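[1] Using only what follows, build the 3D model:
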Amino acid sequence: MPCFKNRMPNLEKLEESLCKIPDDEVLGEIAALLPECAINKFRVGRSRIYDEPREEESNLEAFTMILDNSCQSVVLMKVDGHNVTFPSQCCRKLYSTILNEEPDEVIRIPQNCSTWHELRRFRVTGSRCYELFTYNGPNWNTKAEKYFWPKSFTNKFTKHGLEYEDEARRAFIDATGCNVVQCGMVVSHSNKWMGYSPDGIIFENGHPAALLEIKCPWNGAKQTITEVVRTCDYISDQSLKRKHKFYGQIQMGMAMLNLKKCFLVLYAAFDRSILILEEEYDEEFAENMIIRIKKKYFENMIHIICDKDDK
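    Residues are numbered from 1 along each chain as shown. Sure thing, here's the model as predicted:
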């Protein structure tokens, strides 16, 4: 039974002629009957997307190149062609009404602003993809609800990372001379349920060439980077461990952005020391991970958004 049925007496009639009704009219009826639903709040939020401060106009050409390069990702093409089953018709209709922002506008919204948080709410993102990839538990309703509506919190670790990210990026640029472009979230044209917000994209000869990801460990506030790495649980032999959320994060990033390498920067604010690791694209891992996540997203998670609106 569609999730909205008990709350929308006209739904059966609407279903019969849905293909003939403009999307705005469908959304308008939902909004009128369910003003507090997630769909309506997300729709209203979309109308404010252009009011947010956006990146400098000088970056627009670079943003276009980033999105054009992303469209050529072989893995994303394969993921798009991998069919999944919606758990019910309401989920199919819901998916057609959300996550429809234009990628060339989303990429201009600065990271960590309120609109950026809303744009990523119902998407699988780099920092959260590995937890879905590895989750095989039975309680998907709870998992999905916590994923889509997480409790807001900020701890000393996240504060430290945000505080020193710009400093770490500058240290990387000073050490390498690389041309680093910053942007908002990159949304897949063919897989709108995915989004990735890089710490930077390195350009070479005017084209995207590598992903930049930055980690500022908390103990780097009082230790050098050499000391930090000795006790780091995700680095082994100067390389990122495969079975770790950061590995999943950068592999999703390279798949989405169609890049073959990632520079992972570890930064110690204590003495402004850095460690730069060059990680290669693992296409087989990325493809397997993203296809499995897509199946879980559509078959186990998206229905919870409908359920939320039905309550």
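[2] Show the average pLDDT along the longest helix seen in the chain.
    What stands out as the longest helix in the chain, according to DSSP state H, is helix 156-176. Helix 156-176 shows a mean pLDDT of 90.
[3] Who are the contact partners of T125?
    M185, M194, G195, Y196, S197 (C-beta atoms under 8 Å, 6 or more residues apart in numbering). C-betas here are computed from N, CA, C, even on glycine.
[4] Go through those residues and name the one nearest E280.
    Y196 (17.9 Å; C-beta to C-beta).
[5] Neighbours of the closest one, how many?
    Y196 sits with 25 neighbouring residues when counted by other C-beta atoms under 10 Å.
[6] Which residue is the nearest non-sequential neighbour of K245?
    Sequence neighbours aside, Y130 is the residue nearest to K245 in space, at 3.9 Å (criterion: C-beta to C-beta, 6 or more residues apart in numbering).
[7] who's in contact with the one you found?
    H244, K245, Y247, G248, Q249, M289.
[8] And these, which is closest to T115?
    Q249 (22.1 Å).
[9] any idea which element that closest one lies in?
    helix 245-257 (DSSP states H and E).
[10] Please compute how far that helix lies from its chain's middle.
    10 Å (C-alpha atoms, centre = their mean, to the nearest Å).
[11] Stretch 108-115 now?
    12 Å.
[12] Show me what counts as buried in that stretch.
    Across stretch 108-115, burial judged by 16 or more other C-beta atoms under 10 Å covers R108, I109, P110, Q111, T115.
[13] ditto for stretch 282-293
    D282, E283, F285, A286, E287, M289, I290, I291, I293.
[14] try stretch 159-169
    Buried residues in stretch 159-169, counting neighbours by 16+ other C-beta under 10 Å, are found at H160, G161, Y164, E165, A168, R169.
[15] Tell me what the residue most central in space within the chain is bridged to.
    The chain has T125 as the residue nearest its centroid, 2.5 Å off, counting by C-alpha atoms, centre = their mean. Assessed by DSSP bridges, T125 has beta-bridge partners G195.
[16] which residues of the protein score low on pLDDT?
    Applying pLDDT under 70 to the chain flags residues 1-58, 153-154, 309-311.
[17] Can you name the residues that contact the closest residue to D80 other than its chain neighbours?
    Closest residue to D80 apart from its sequence neighbours, by C-beta to C-beta, 6+ apart: S190 at 4.1 Å. S190 makes contact with C71, L76, M77, V79, D80 under the criterion C-beta under 8 Å, 6+ apart.
[18] where along the stretch 51-200 of the chain do the strands fall?
    Per DSSP state E, counting those that start in this stretch, the stretch 51-200 of the chain carries strands over the ranges 124-125, 179-181, 186-187, 194-196, 200-204.
[19] Compute the first-to-last residue distance for stretch 67-81.
    19 Å (C-alpha to C-alpha, to the nearest Å).
[20] ok, back up a step: in TSV: the strands of the stretch 51-200 of the chain, plus distance to K143.
    Shown next, in TSV, are those (distance: least, C-beta to C-beta, whole Å):
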stretch	distance to K143
strand 124-125	13
strand 179-181	35
strand 186-187	23
strand 194-196	18
strand 200-204	31
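[21] who's in contact with stretch 200-207?
    Counting by C-beta under 8 Å, 6+ apart, 62, 65-66, 69, 169, 178-183, 208-212, 214, 257, 259, 263 sit against stretch 200-207.
[22] Apply 7 Å and report the result again.
    Here stretch 200-207 makes contact (C-beta atoms under 7 Å, 6 or more residues apart in numbering) with 62, 65-66, 169, 178-183, 208-212, 257, 263.
[23] Point out the ones among these that are inside helices.
    Among those, DSSP H puts A62, M65, I66, R169, L257 in helices.
[24] Can you tell me which of those is nearest C232?
    C232 lies nearest to R169 out of these, by C-beta to C-beta, at 19.8 Å.
[25] before we move on, the earlier item: distance of the residue nearest to D80 relative to Y135?
    From S190 across to Y135, the span is 25 Å (C-beta to C-beta, to the nearest Å).
[26] Show me how far stretch 216-227 is from its chain's centre.
    Counting by C-alpha atoms, centre = their mean, stretch 216-227 is centred 27 Å from the centre of its parent chain.
[27] Of all the residues in it, which ones are buried?
    Applying 16+ other C-beta under 10 Å to stretch 216-227 flags C216, P217, W218, G220, Q223, I225, E227 as buried.
[28] which of the buried residues of stretch 159-169 sit farthest apart?
    Across those, no pair lies farther apart than H160 and R169, at 15.0 Å, counting by C-beta to C-beta.
[29] which residues does L211 form a beta bridge with?
    Beta-bridge partners of L211, as defined by DSSP bridges: I201, C262.
[30] How about the contacts made by it?
    Taking C-beta under 7 Å, 6+ apart, one finds P198, I201, I250, G253, M254, L257, L259, C262 in contact with L211.
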